[in-house]
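I need the structure of the sequence given here:
(chains A, B, C, D, E and F)
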6 protein chains.
Amino acid sequence: MPIVDMKMLEGFSQDQKEAMYAEVTDALCRTLGCRPDQVRIMVSDLATGDFAIAGKSVAAMRKASPSS
Amino acid sequence: MPIVDMKMLEGFSQDQKEAMYAEVTDALCRTLGCRPDQVRIMVSDLATGDFAIAGKSVAAMRKASPSS
Amino acid sequence: MPIVDMKMLEGFSQDQKEAMYAEVTDALCRTLGCRPDQVRIMVSDLATGDFAIAGKSVAAMRKASPSS
Amino acid sequence: MPIVDMKMLEGFSQDQKEAMYAEVTDALCRTLGCRPDQVRIMVSDLATGDFAIAGKSVAAMRKASPSS
Amino acid sequence: MPIVDMKMLEGFSQDQKEAMYAEVTDALCRTLGCRPDQVRIMVSDLATGDFAIAGKSVAAMRKASPSS
Amino acid sequence: MPIVDMKMLEGFSQDQKEAMYAEVTDALCRTLGCRPDQVRIMVSDLATGDFAIAGKSVAAMRKASPSS
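Alright, predicted model coming up:
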C-alpha cells in the first residue's frame, strides 16, 4: 500500500505516464514513509465522452466551444 | 462531490450517455443539494465477457441462450 | 448493470440517501433503458480530511476559511 | 453483494476469465455464505503501460529486462 | 496483479474474511496462473443504508419486510 | 481530471495526508500538465484486517510475526 486507482482523460503519452508514476511514487514515499515497492498505481484512460462535469461530457463541452 | 464511478455494459450510444449525465446530475442535486459543477461522473464500458453474475459472464450466458 | 460506486462527503441523512437512490435509479432506467432491479448503487462516505481538491483537503480548506 | 471490481493485466483468455468467475464465485459463497446470484465480478484489463509498481510501469520494466 | 477491490455488506467476521482471502487467492492463482504474492484483495464493508438495489437501500428493504 | 482513488492502511496522521495531497497534486501537475484545481484525491483508510496480500490479511500477518 498505498494502491492508487487513477482516472485520466485519454491522450497522455507513455513518457508522461512514466514520469507521473515515478514522481507520484516519490511523493507518496516522502509523505507517507512507505517503500516504493509497496506503491501500485493503476491508470484508466477515459474517453472525453465518458467523463462528465455538471451533467455534460467533456466531449460535448468541447464540441459546444471548440476554442476553450 | 459527489464523484460517481459507473460501470455499464458497452453498447450505449453517446446520446444515451449524455442524457444520463444530465438526468443523474439533476437527481443528485435535487436530493443531495449539491451544485451541478460539484458532480463528476465517470463511465467505464464493460465488454460482456468482463462482467459476470453468479459465476458466469454475460457473454457466456448470452451464448448459452441467445433469445434471452 | 449499471453498477454505481458513489463517493460523497459524509453528513447526508439516510432520508437524503434514500431519495437519491430512488431518483438516480429512475434517471438511469429512463435514459439507459435498464430495469430498476439491474441497478446497484454503493455509497462511500468520505470524511472531509479524506477528500482533497487542488492539493488541499476540504477539512483544511474549511479550517482556513470557516465562513465559506 | 459481494461486488468485485478486479483489475488485471491484459492478456488472459476468455476461457481463463470464465474459469476465474466460476471459481471465485464458489470461493465467495463457500466462505461468506452468499448465493451465487448475489455475486457480481467486473474485470478491467490494464495495458502493461497502465500499471506501475515502485514508480515504473510493467511495460517499462519488461522493456528494461525482457527475459524476466 | 490481480488487484481485487471487494465491496460487501458489513457483518462478516474476521475469520470469514481470512477464509475468503485464502480461497479467492487460490482460485485466482489456479485459473489465471498468477503467484499468491501478486494478489491483493481490499475489502470495503458497506452499511446496509449505503447499498441500494432497484432504488432502495438494503436497510430500507429490511425495515419494510423484517422477516425476509 | 485526474481523479485519484487511493486506498491506504489506516494510521496515517492528517498532517501526513495533507502533505501527501500537496505533493501528489504537484507531481501530477508537473508531469501531466494539468491545473491543481483539476486534481481530486480521495482516500479510503483500510483496516489491517481488510487488506490481504498472498491470501492473508495484514492483521493476520502481523499477529503471526509481531516483530516484522
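
any idea how far the closest residue to A:Asp37 other than its chain neighbours is from F:Val4?
Once flanking residues are discounted, A:Asp37 sits nearest to D:Ala54: 4.5 Å by C-beta to C-beta, 6 or more residues apart in numbering or on different chains. Bear in mind the C-beta positions are built from the backbone N, C-alpha and C, glycine included. Distance, D:Ala54 to F:Val4, by C-beta to C-beta, to the nearest Å: 18 Å.

between these two, who's got more neighbours?
Between D:Ala54 and F:Val4, F:Val4 has the larger neighbour count (other C-beta atoms under 10 Å in any protein chain shown), namely 22 against 16.

hang on, A:Ala52 packs against B:Ile3?
No - A:Ala52 is beyond contact range of B:Ile3, at 11.1 Å (criterion: C-beta atoms under 8 Å).

and the residue nearest to A:Asp37, what is it in contact with?
Each residue near D:Ala54 by C-beta atoms under 8 Å, 6 or more residues apart in numbering or on different chains is listed here: A:25, A:35-37, A:39.

Show the buried residues in those.
Burial by neighbour count, 16 or more other C-beta atoms under 10 Å in any protein chain shown: within the contacts of D:Ala54 this picks out A:25, A:39.

Include secondary structure and pLDDT when you put the contacts of D:Ala54 into a markdown table, please.
A markdown table is the format used below for these (DSSP: H, G, I helix; E, B strand; the rest coil; pLDDT from 0 to 100):
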| residue | secondary structure | pLDDT |
| --- | --- | --- |
| A:Thr25 | helix | 98 |
| A:Arg35 | coil | 97 |
| A:Pro36 | helix | 97 |
| A:Asp37 | helix | 97 |
| A:Val39 | coil | 97 |
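
nearest to D:Ser65, of the contacts of D:Ala54?
Relative to D:Ser65, the closest of those is A:Asp37; by C-beta to C-beta it sits at 15.7 Å.

Wait, the closest one touches D:Gly55, no?
No - when contacts are counted by C-beta under 8 Å, A:Asp37 is not listed as touching D:Gly55 (9.2 Å).

What's the local residue count around A:Ser46?
Heads up, residue A:46 is Leu, not Ser. For A:Leu46, the tally of surrounding residues (other C-beta under 10 Å) stands at 20.

which residues touch it?
Counting by C-beta under 8 Å, 6+ apart, A:Leu46 makes contact with A:7-10, B:42-44, F:1.

is it in a bridge, and if so with what?
A:Leu9 (DSSP bridges).

tell me the SS of A:Gly11?
coil (DSSP: H, G, I helix; E, B strand; the rest coil).
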